[in-house]
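take a look and give me a structure for this.
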Amino acid sequence: MNSELVKADAYARTGGQADGGFLDIGGTVQEKLNQGMQASQAASQARKSKKAKVDSKINTAMSKMKSNMDLTSLSDNQQKGVRRFLMDQKMKYANAASQIADYRADSPEYMELSDIMQGVNNSFLKLKGNLDAYTENKVEYYDSHKNGLFSAGNDEYDYSLNQGIYDTDSAMSVGDNGNLMFNHEGKMVDYKDVNELHFKDYKSAKTLIDKMASLSKSSKNLNQFQKESLKLEVRSLLNSDPTTAKSLIMDGLLTEGLVGGISEDLLNDPNRHEELVDTLSNVLTEGVANSIVPTPTRGSRPTKTKTATKDTFDPDKIYEVTDAKSYQAMMRALGVKEPGTYLPGYNRKWKIISTVDDKGVETRSLEEAKVETAGTVDASKI
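The predicted structure follows:
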């Protein structure tokens, strides 16, 4: 018999198995399917695990973003500019955070993305510091302006710039590094470049007045040492702060007469600093000299002068003090027993104000006359 036919007959009779029985085709297929499903589930679980790790890294990175800002002190217009910056930087940070998990920590790509995220955080921290400073300085600006503390010697541009940026309607934007930016007169100005306005220098004025008062107690003309002493005081004050001279003169802290003697050109020219020191020193020295009352020489008979009284003055007139004599006369007319030391700052026009209380007692006081009238008289001639 043909051997091939015999093999075929045996294969058919045994169900395809040489040992007998039938081949389980369905079971074999199901087993393969189960193996495939298990492999697919394992791969899916691996993907989920990897995604969870990536998400965790991204969430951790996002949690480190320093984006909390208090904008309540800003106007709605100013908040728009700041929120626009915050949104742009958050997107930049989130984009880098979503990519950084795909790279090893020692890879160039990881380091580059890390630098981007750190740069965003640095800009947020800098912005917060700038906003805190702006808010604090704005309160101080309005308080100082209200109390008239700013000196008339401030630069006009600086004065205009401060007024503009602290206005509630000023448009505020933010640079990439977190610096506050303002549009002033068509140009963008970085807040860090804004000069603070300086105050009236009452401290320096008092120092000079005290020095002049001390020198004016001399019964003789000032000697060279005293003049140099006053000049050194002037030089020390002007050298320590370049705004002092402008405040002393333009704010009228010493005497109105100084404004006419010292021009703004001299005040604003740093190359004429020594000339400014000399000029101011000479003016103050002259003021001290005018306040010294000479002591009568021994054996001479003092010249009798008419002593002013309250009735000597006319409340309807304006009186001008020009020297120590007119100052002391006016003080006596007001009933001041100890007039004190005359200083050049009293060289002004004054009006006597008379008030009467409920008991009919009259009190007279001085008020600076702002408007010159035809009734001006020299107080020393009374």
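
quick one: low-confidence ranges for the stretch 251-382 of the chain?
Applying pLDDT under 70 to the stretch 251-382 of the chain flags residues 255-261, 292-317, 319, 324, 332-348, 364, 366, 368-382.

please redo it, this time with the cut-off set to 90
In the predicted model, the stretch 251-382 of the chain carries pLDDT under 90 at residues 251-268, 270, 279-382.

for the stretch 51-200 of the chain, same thing?
Applying pLDDT under 90 to the stretch 51-200 of the chain picks out residues 51-79, 81, 94, 97-106, 109, 114, 167-172, 175-177, 183-186.

where exactly do the strands run in it?
Listed in chain order, the strands of the stretch 51-200 of the chain (DSSP state E, counting those that start in this stretch) span 172-174, 180-184, 187-190.

same list, these, but as CSV with mean neighbour count please.
Where C-beta positions appear, they are placed from N, C-alpha and C, glycine not excepted. Below are those laid out as CSV (neighbours: other C-beta atoms under 10 Å):
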stretch, mean neighbour count
strand 172-174, 20
strand 180-184, 19
strand 187-190, 12
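
wait, which of these is closest to residue 93?
strand 172-174 (14.9 Å; C-beta to C-beta).

what pairs with that closest one, parallel or antiparallel?
Strand 172-174 has the following sheet partners, assigned by DSSP bridges: strand 180-184 (antiparallel).

keeping just the C-alphas, turn the strand it pairs with into CSV.
Provided in CSV are the C-alpha atoms of strand 180-184 (Å, rounded to 0.1, in the frame of the first residue of the first chain):
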residue,chain,number,x,y,z
LEU,A,180,8.0,97.5,35.8
MET,A,181,7.7,99.7,32.7
PHE,A,182,5.9,103.0,32.2
ASN,A,183,5.1,105.1,29.1
HIS,A,184,6.1,108.7,29.8
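
residues in contact with that strand?
Contacts of strand 180-184 with the rest of the structure, by C-beta atoms under 8 Å, 6 or more residues apart in numbering, involve 127, 130-131, 134, 160-161, 164-165, 170-175, 188-191.

now do 7 Å
For strand 180-184, contacts defined as C-beta atoms under 7 Å, 6 or more residues apart in numbering pick out 130, 134, 161, 164-165, 170-175, 188-191.

stretch 187-198: end-to-end distance?
Counting by C-alpha to C-alpha, to the nearest Å, you get 24 Å between the two ends of stretch 187-198.

which residues touch that stretch?
Applying C-beta under 7 Å, 6+ apart, the external contacts of stretch 187-198 come out as 130, 134, 150-151, 154, 158-159, 161-162, 165, 179-182, 243.

report the beta-bridge partners for residue 355.
On the basis of DSSP bridges, residue 355 is bridged to residue 363.

start the count at 114 instead of 1 going forward.
Sure, I'll start counting at 114 from here, so that last one is residue 468.

from residue 478, how far off is it?
Going from residue 468 to residue 478 by C-beta to C-beta, to the nearest Å gives 7 Å.

show me where the stretch 164-313 of the chain has its helices.
189-213, 221-259, 269-278 (DSSP state H, counting those that start in this stretch).

my bad, the stretch 314-463 of the chain
315-328, 337-353, 357-363, 370-374, 377-381, 386-404, 437-446.

report the buried residues of stretch 344-351.
344, 346, 347, 348, 350, 351 (16 or more other C-beta atoms under 10 Å).

before we move on, back to that, among the contacts of stretch 300-311, which one has the most neighbours?
Among these, the one with the most neighbours (other C-beta atoms under 10 Å) is residue 293, at 24 neighbours.
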